[in-house]
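Asker: need coordinates for the below:
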Amino acid sequence: MDLLNLIKNYSGIFALLIYLIILIVIMSINKRRNKKSITINSKEYKALDLNDENAVVASMIAAIECRNEYHKNVKVVSVREVA
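Answerer: Numbers count the residues shown, from 1 in each chain. Next up is the predicted model:
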C-alpha cells in the first residue's frame, strides 16, 4: 500500500525517470550503430602533378566553388587525383 501511494503521489517524477532511461538507451544504441556504419574506401590516390595545368586549375576551381557554397575561408591542404 505504501509503495502504491508513493507512486500515485509522485507519478510525474517516475514517468520522467522512465522516459530519461528510455532516451539514454536509445541514444546509446544509435551511437553504437553510427560507429559501426562508418566505412573507409580502400581506393588508391596519387599525388597531384603540379606541372599539369588542368589539374591545378581544377583544384583552384574546386576551392572557389567550396568558398562560394559555404561562405567561409577555404585553405587547400592537399590535392590528390582519384584513380
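Asker: for the chain, give me the ranges with low pLDDT.
Answerer: Applying pLDDT under 70 to the chain picks out residues 1, 33-48, 80-83.
Asker: 80 instead?
Answerer: Along the chain, segments meeting pLDDT under 80 span 1, 3, 6-8, 30-50, 75-83.
Asker: the residue nearest to residue 59 when sequence neighbours are not counted and residue 62, how far apart?
Answerer: Using Cβ to Cβ, 6 or more residues apart in numbering and skipping residues adjacent in sequence, the residue nearest residue 59 is residue 79, 4.5 Å away. (Each C-beta comes from the backbone N, C-alpha and C, glycine too.) According to Cβ to Cβ, to the nearest Å, residue 79 stands 8 Å off from residue 62.
Asker: where does residue 78 sit: helix, strand or coil?
Answerer: The three-state label given to residue 78 by DSSP: H, G, I helix; E, B strand; the rest coil is coil.
Asker: if I pick it, what's in contact with it?
Answerer: For residue 78, the contact set (Cβ atoms under 8 Å, 6 or more residues apart in numbering) is empty.
Asker: any idea how far residue 72 is from it?
Answerer: Distance, residue 78 to residue 72, by Cβ to Cβ: 19 Å.
Asker: what do you get for residue 66?
Answerer: To residue 72, residue 66 is 9 Å away according to Cβ to Cβ.
Asker: of these two, who's got more company?
Answerer: More crowded of residue 66 and residue 72, by other Cβ atoms under 10 Å: residue 66, with 12 against 7.
Asker: name the element the more buried one belongs to?
Answerer: Residue 66 is part of helix 53-70, with elements assigned from DSSP states H and E.
Asker: my read is residue 51 is in a strand, agree?
Answerer: No - under the criterion used here (three-state DSSP), residue 51 is coil, not part of a strand.
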